[in-house]
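>>> take a look and give me a structure for this.
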Amino acid sequence: QVQLVESGGGLVQAGGSLRLSCAASGRTFSMYAMGWFRQAPGKEREFVLAINRSGSSTYYADSVKGRFTISRDNAKNTVYLQMNSLKPEDTAVYYCAAKGGAYYGGRTPLAFDYWGQGTQVTVSS
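Numbering: from 1, shown residues only. As a prediction, the model looks like this:
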């Protein structure tokens, strides 16, 4: 099992940037593909980005391409979400997720096994 703790959320103006971090503890971090999802009030949880175990492949939702970047540091057991050019519609609770074993690009919450508690990101217009 792996435990995930997100940090870095907050309030930012439109056009600004934030970097979220997700620290993992428990079993070997490099055994897990990692993803970020978000959930706005009244909406379903949606896929944002994911990265495979080695960091060699990344997957992006169309809505964040060119603005958000995912990366991981397996030595620090941490995955990052760099968010640039933020828009008010990016406002949501952002969740870190982990999937054990091989990852083939699944974009539903069911594709991931473990979840963090979430961190709020609010983008003001």
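
>>> so where do the strands sit in this protein?
Using DSSP state E, the strands of the chain run over residues 2-7, 10-13, 18-26, 32-39, 46-51, 58-60, 68-73, 78-83, 92-100, 114-115, 119-124.

>>> so which of those is nearest Arg107?
Checking the strands of the chain against Arg107 by CB to CB gives strand 46-51 as the closest, at 3.9 Å. For the C-beta atoms, the positions are set from N, CA and C on the backbone; glycine is no exception.

>>> angle of that closest one against strand 32-39?
Here strand 46-51 points in a direction 160 degrees away from that of strand 32-39 (axes from the mean of the first three to the mean of the last three CA atoms, to 10 degrees).

>>> which residues does the closest residue to Ser57 other than its chain neighbours bridge with?
What sits nearest to Ser57 in space, not counting adjacent residues and going by CB to CB, 6 or more residues apart in numbering, is Ile51, at 7.1 Å. Applying DSSP bridges to Ile51 gives these bridge partners: Met34, Thr58.

>>> what's near enough to touch Leu20?
Under the criterion of CB atoms under 8 Å, 6 or more residues apart in numbering, the neighbours of Leu20 are Glu6, Ser7, Gly8, Gly9, Trp36, Tyr80, Leu81, Met83, Tyr94, Cys96, Thr119, Val121.
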